[in-house]
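Undergrad: Would you be able to build a 3D model of this:
(chains A and B)
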Amino acid sequence: MGELLRVEGLKKHFTKGRQTLKAVDGITFDIRRGECLGLVGESGSGKSTAARAILRLHEPTAGKVTFEGKDFLKMDGPQLREMRRQMQIVFQDPFSSLVPHWSAGANIIEPLRVHKIGTQQEREEEVLRLMELVGLNTKAIGTFPHEFSGGQQQRIGIARALALKPKFLVCDEPVSALDVSIQAQILNLLQSLQEELGLTYLFIAHNLGVVEHISHRVAVMYLGQIMELAETEELFHHTLHPYSQALMSAVPRIDVDQKRERIHLSGEIPSPLNPPSGCSFHPRCPVARPECKAERPVLRDVGSGHWVACHLV
Amino acid sequence: MWVRAWRKFLRNKLAVLSGIFVVLLILTAFVGPFLLPYTYDGVDYAAVYQGPSLKHWFGTDELGRDILSRLVYSLRTAMTVAFGAESITLVAGVAVGALAGYMGGRVDNLLMRFTDIMFAFPSFLFNVMLIAVMGRGMLTIFIAIGLTSWVGLARLVRAEVLKIKSREFVEAGHAMGASHWDIVTRYILPNVLGPIIVTMSFGVPGAMMTESALSLIGMGVAPPAPSFGALITAGQRFVLSYPHMLLWPALIFAFTLLAFTWMGDGLRDAFDPRDQ
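TA: The predicted structure follows:
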C-alpha cells in the first residue's frame, strides 16, 4: 500500500493575548492508500483539531501536509478548491453538520453545486444514487434534517461527503453521538463504503472498541502529541506506552482467561495552556522516572512499524 | 422552521388581528389618497373647526382642511419614513453585523467599537443635528433615523453569526470549498432571518415615533405636508374647544403603533428558538 497522505510536524496553536494553547504540538504520521488510520485520545487531546488542521479548516501553525506528493498547505485559490474535492469530512454531531433550512437532497447536492459538476438533472440523479449508496430511502429527498433520526442524519452527512468522490475521508467521531444500536450500522456502512469505493480514512474516536473494529492502524494521542502508533493487532496486544496501556485496560473484554488489571490514572488531562515539562504524560504516569520530567521523548520506531514516544521502552 | 413559526403565529389571535390591521394600514397608505374626495392641503374657510359629519368623517381643522385626508397622508408619511429608515437599518445592520461576526479579529474589533460609539451617542440628538445640517425633508428624515437605528440590529446579527459560524455545517461548507460569500449568504444568514424580521417589525413603530417626535419639535416633514406628529401638535392647541382635532390623530397613531408592536410580539414568540 502506497502512501496517500503524509503529516509532518503539524502544529496548531491558538493564541489569545499572551497565552498560547498548543492544541496540536508537532504530530507526524502517514496514511496509506486504502487504509483506515484510527486516532484515539481523551477529550482535549487534540484529535479533532488535528483533523481540522489537516483539512485546513483551521489553518495549521506549522508543519507540512502532503497529499499524493503535493504540498497541501502551500495551495490556495482554485488549486485548493480542486484539492478539497479529494478530502472530505464526516462530523460528530449529525444534525449540526447539516444545513438546517435545506432538505436532505439540497444538502447532498450542495458539493456538486459548489464545484459546478454536471447539469441540474445529472446532479439530481447523482443525489438519488448517493442516497441509495448510503442506505437512505430516496423518497426522503425533500425531507428536512430535523425530521430524520440521528443515524439517518449521519447517512445524509456521509452521502454529502461522498458526493465529490473523494479519495480521503476524515471521520470525526462519526458514531459517538449516536445510539449504540445505530453505531454498528453506521460503522458497517463506513466499512463497506471503504471497500467498495477504495476510500482512505482517518477515523477519530475516543472509544477504543470502535477503533479496533474499523482501523488497520491506530495512533494514540495525548495532549497534542502522538504517544504510540502501530498496527491495530499489535497495539492491542503489545501495548508499549504506559498511557496506551491505561487506555487498553479500560476496554471491556469478554474473554475471562486473560486476567488484566485495570490501570487507574489519577487526575485530569493537564491544560494544554500550560503543558508539563518533558514527557507530557509524566505527572499521571505510574512508571515515570526523573528523566521523563526533564526531556520530551521522541516518537521512534521500535520495530515493524510500531512507534512509541517513551523513555522506558 | 418557517412552517412552524407561521403556525405558531396564527395561533396568537392578537398578533394575527394586528397583522391584518397592519396590512390594511399599508393598503390605506398606498391606495387611500386616490380614493379621498379632499386633498390634504385643500383649505376651506367656510368649514373650519367642524366636528365629524357625513361630508367630513373626522371633521376639519382650523383652516377647514379635511382631517381624514390629512390622516391618510400622515399614514403615508409615517410608512414612507418607517420603511425607508428600516431599509437603511436592514442593509447597514446586516452588513456590519455579518462582516464583524464572520471575519472576527481586527475587523470585528474595529466595526464593533464604531458601533459602540454610535450606540453611546444620544440618537435623537444625532437625528436633530443631521436634519439641521442636511435640511428638512422626507429623505433627510429617514436617512437620519436609518443612520441611528442600525446599531441594535448590527449587534444582534453579529451575535447570531458568531453562534452559527462555529456550527459544523459551516465547516462542512468550508471543507467542500464553498466561497465565503456563499457561506455567509446561503448557510448563515437564513438562520438569522427570524431575529431580523422581529427586530424590523419593532423598528417600524420606533421610526414612526421618532418621526412624530421630530415633527413635534418642528424638525419633521415640512408643512403643509401632514404627519402624525404635526397633526397631534396642532390638535393639542385646540384640545379644549375642538377635541376631535387631537382625538382622531392620536387614536389612529396609537392604534398604528400598537398593531406593529403586537405583531412584532407575535413574531418574536413564533421565532423563539427555546420551544422548538
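
Undergrad: Output the set of residues of the stretch 101-250 of chain A in proximity to chain B.
TA: Applying Cβ under 8 Å from any Cβ of the partner chain, one finds that the stretch 101-250 of chain A approaches chain B through A:H101, A:E110, A:P111, A:V114, A:H115, A:G157, A:R160, A:L164. Yep, even glycine has a C-beta here, placed from its N, CA and C like the rest.

Undergrad: which of the residues you listed tops the neighbour count?
TA: Counting neighbours by other Cβ atoms under 10 Å in any protein chain shown, the top entry in those is A:G157, with 31 neighbours.

Undergrad: for the host helix or strand of it, packing partners?
TA: Using DSSP states H and E, A:G157 maps to helix A:150-162. Judged by 3 or more Cβ pairs under 8 Å, 6 or more residues apart in numbering or on different chains; DSSP states H and E, the packing partners of helix A:150-162 are strand A:87-90, helix A:104-114, helix A:120-133, helix A:180-197, helix B:168-176.

Undergrad: Report the angle between it and helix A:180-197.
TA: Helix A:150-162 and helix A:180-197 are oriented at 20 degrees to each other (axes from the mean of the first three to the mean of the last three Cα atoms, to 10 degrees).

Undergrad: and the residue of the stretch 101-250 of chain A nearest chain B?
TA: Relative to chain B, the nearest point of the stretch 101-250 of chain A is A:P111 (4.3 Å; Cβ to the nearest Cβ).

Undergrad: Spatially central residue for the chain, please.
TA: Here I'm looking at chain A. Geometric centre of chain A, nearest residue: A:I204, 2.9 Å, by Cα atoms, centre = their mean.

Undergrad: My question was about chain B, not that one.
TA: Centroid check for chain B by Cα atoms, centre = their mean gives B:V204 as the closest residue, at 1.6 Å.

Undergrad: any idea which helix or strand carries the spatially closest residue to it that is not a sequence neighbour?
TA: Nearest non-adjacent residue to B:V204, counting by Cβ to Cβ, 6 or more residues apart in numbering or on different chains: B:A82, 4.5 Å away. Per DSSP H and E, B:A82 falls inside helix B:67-103.

Undergrad: circling back to that earlier point, in which helix or strand would I find the residue nearest to the centre of chain A?
TA: A:I204 is located in strand A:200-205, with elements delineated by DSSP H and E.

Undergrad: The worst-scoring helix or strand of chain B on mean pLDDT to helix B:67-103, inter-axis angle?
TA: When each helix and strand of chain B is scored by mean pLDDT, DSSP states H and E, helix B:228-237 comes last, with a mean of 80. Helix B:228-237 and helix B:67-103 are oriented at 140 degrees to each other (the same axes, to 10 degrees).

Undergrad: Just want the angle from the following helix or strand past helix B:228-237 to helix B:228-237.
TA: Toward the C-terminus, helix B:228-237 is succeeded by helix B:244-271 as the next helix or strand (DSSP H and E). Our comparison of helix B:244-271 with helix B:228-237, counting by the same axes, to 10 degrees, yields an angle of 140 degrees.

Undergrad: Is any residue of helix B:244-271 near chain A?
TA: No - between helix B:244-271 and chain A, judged by Cβ under 8 Å from any Cβ, nothing touches; the nearest distance is 13.0 Å.

Undergrad: what's near enough to touch the residue of the stretch 101-250 of chain A closest to chain B?
TA: For A:P111, the contact set (Cβ atoms under 8 Å, 6 or more residues apart in numbering or on different chains) comprises A:R85, A:Q88, A:R160, A:A163, A:L164, B:M176.

Undergrad: Can you give me the neighbour number for the fourth one?
TA: Here the number of neighbours of A:A163 (other Cβ under 10 Å) works out to 26.

Undergrad: So which residues on chain B come close to chain A?
TA: B:1, B:167-169, B:171-178, B:182, B:187, B:190-191.

Undergrad: and the residues you listed, which are buried?
TA: B:1, B:167-169, B:171-178, B:187, B:190-191 (16 or more other Cβ atoms under 10 Å in any protein chain shown).

Undergrad: Out of the residues you listed, give me the two with the largest separation.
TA: B:M1 and B:G177 (26.7 Å; Cβ to Cβ).

Undergrad: mind checking pLDDT for residue 17?
TA: The chain I'm using is chain A. In this model, A:G17 is scored at 79, pLDDT.

Undergrad: looking at chain B here, not the other one
TA: Taking B:L17 on its own, its pLDDT is 90.

Undergrad: and the helix or strand hosting it, which residues are buried?
TA: If you go by DSSP H and E, B:L17 is part of helix B:13-35. By 16+ other Cβ under 10 Å, the buried positions in helix B:13-35 come out as B:A15, B:S18, B:G19, B:F21, B:V22, B:L25, B:T28, B:A29, B:G32.

Undergrad: Stretch B:253-260 too?
TA: Residues of stretch B:253-260 classed as buried: B:F253, B:T256, B:L257, B:A259, B:F260 (neighbour count, 16+ other Cβ under 10 Å).

Undergrad: who touches the residue nearest to B:V204 in this structure?
TA: Counting by Cβ under 8 Å, 6+ apart, B:A82 makes contact with B:G203, B:V204, B:P205, B:A207, B:M208, B:E211.

Undergrad: Now, these that are in helices?
TA: Members of those lying in helices (criterion: DSSP state H): B:G203, B:V204, B:P205, B:A207, B:M208, B:E211.

Undergrad: Hmm, B:I145 and the fourth one touching each other?
TA: Yes - counting by Cβ atoms under 8 Å, B:A207 does reach B:I145; the two are 5.0 Å apart.
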